[in-house]
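**Q** Dropping the sequence and predicted coords here.
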Amino acid sequence: MELLKCETSDIENTEKYILKNGEKEIGYGYIKGVEINPIEIFIYENERSNGYGKLLFSKLLEIIKEKEAKLLTFDLPEEQYRMINIVAYSGGRYISIKNGVRRYILPIK
Amino acid sequence: MNNTILKFLERHDFDLSLIKKKCDLGVKSSKDVNPIIAKYYIGKGEEQQRIYVADIVGYDYSYMNLDNSNIIDNMSYFYNENGDGYSTRSLSLLDIPTDEIVYRLMGSFTRDPMYLMEADKGKYVIDSNGLHRLHILKAHYLKELSELEEGDAIGHKILEDKYMVETMARKVDYLKTYSSFLFQQIARYYGCDFDIRPQYDDYGELTGKVTIELRGKNEKLVLNDKQFIKLLKDEIANFLNDNSISKKDKKHFIDFVGQTIEEYDSFKEYIKQNLQEIYNECFSDEVEVG
């Protein structure tokens, strides 16, 4: 399994990464230069429920650590329970909710 | 119910009709337990805690399109020998007999903690980890519970001791959560919307204070618990004495608080500890409003 950085990203002000297993693309993710939701991931539907989301997220988190960030903030609608689980599993702390959107803070250690 | 679960029930001599007759198989979400806490949640961190499996009342089933009426039926979602990685990864747990299930899972509670969220005092739901283990534990627990005779207090105590599990529990800050709830109820009468959040430092540690921001304004208040309660008391007093608010609305607010007190013990405790005047207002014979 490897994470490859794209030369360009289709979203402005982001770095795009692709998660591959050999030649097969599993999903992709973005590191965004924003305060809220600085990591965004997408796993292709037929590859889900195998732990790849957690893996991709953890790899992007490692990259962010190198940029010397101390704390990440995620505002996640409750319907995004997969992403919520990934953020919480990665150390995100649920601190409050507003209009069905949960706020998690993830200290970078 | 899939074949995997049918085989599991047979292997361990589950009497499903007895379990259904004697036990509550329902699954509750945090909203089912206490919708106020679910909607206005402000946390005060997480702590390691031993919790009785009976007090882990469920999880947010709606996002998995699961039913909330039968936790044993729901096992099919998490254990399916013909399913995807998620439903095949813990199949080995189905082989563990009832007598050994808690003991054999003990190591996992430390290595890979179950993360719970406090839904109300003494009631928890699975938050971000532990669904597979919850289902297997609950199944065996319900089986043993159904086998107890009526009034067997010792049997119940033995069961409780057996099914205590180590977890990481995300705790509710009741003062901040319920104060936020009341604050927002009043704000609604004025067409305002506040952003009330716990304050945390650059390292993600909660400071114990809240920040209050009126949406659309660039001002932010930072208050400790005492200041937050004082502000709330002042806002309630102003509201009840405000001539621009109808008597009907004021009575509606008092009645609503009164109903909520009767419905949720934790809210009653919060009101009695922090807003005794409101409690008296709600339950006095004559409610006088300005």
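**A** Perfect, I can see it now. Keep in mind that this is a model prediction, so the values were computed, not measured.

**Q** Please make it C-alpha for all contacts and neighbour counts, starting now.
**A** Fine.

**Q** Which positions in chain A make contact with chain B?
**A** By the rule C-alpha under 8 Å from any C-alpha of the partner chain, the part of chain A lying against chain B is A:49-50, A:70-71, A:79, A:81, A:84-86, A:88-89, A:93-100, A:105-108.

**Q** run the last query once more with 7 Å
**A** A:49-50, A:70-71, A:79, A:81, A:85, A:88-89, A:94-98, A:100, A:105-107 (C-alpha under 7 Å from any C-alpha of the partner chain).

**Q** Okay, and which of these map to strands?
**A** Mapping these onto strands (DSSP state E) picks out A:71, A:94, A:95, A:96, A:97, A:98, A:105, A:106, A:107.

**Q** export those to JSON lines and tack on neighbour count?
**A** Formatted as JSON lines, those follow (neighbours: other C-alpha atoms under 10 Å in any protein chain shown):
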{"residue": "A:71", "neighbour count": "17"}
{"residue": "A:94", "neighbour count": "26"}
{"residue": "A:95", "neighbour count": "25"}
{"residue": "A:96", "neighbour count": "24"}
{"residue": "A:97", "neighbour count": "25"}
{"residue": "A:98", "neighbour count": "18"}
{"residue": "A:105", "neighbour count": "23"}
{"residue": "A:106", "neighbour count": "20"}
{"residue": "A:107", "neighbour count": "18"}
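
**Q** Tell me the pLDDT of residue A:108.
**A** Residue A:108 carries a pLDDT value of 87.

**Q** close enough to count as contact, it and residue A:71?
**A** Yes: with contact defined as C-alpha atoms under 7 Å, residue A:108 reaches residue A:71; the gap is 5.5 Å.

**Q** Helices of chain A, start to end?
**A** A:52-66, A:81-89 (DSSP state H).

**Q** Those into a markdown table, with extra columns for mean neighbour count and mean pLDDT?
**A** Converted to a markdown table, those look like this (neighbours: other C-alpha atoms under 10 Å in any protein chain shown; pLDDT from 0 to 100):
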| stretch | mean neighbour count | mean pLDDT |
| --- | --- | --- |
| helix A:52-66 | 18 | 93 |
| helix A:81-89 | 19 | 90 |
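
**Q** mind putting the ones you listed in JSON lines, distance to residue A:2 included?
**A** What follows is the helices of chain A, written out as JSON lines (distance: least, C-alpha to C-alpha, whole Å):
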{"stretch": "helix A:52-66", "distance to residue A:2": "9"}
{"stretch": "helix A:81-89", "distance to residue A:2": "19"}
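
**Q** so where's chain A shaky on pLDDT?
**A** Under the criterion pLDDT under 70, no range of chain A is flagged.

**Q** repeat for the stretch 51-200 of chain B
**A** In the stretch 51-200 of chain B, no residues with pLDDT under 70.

**Q** in it, which spans are helices?
**A** B:71-78, B:85-88, B:101-111, B:131-146, B:153-162, B:174-189 (DSSP state H, counting those that start in this stretch).
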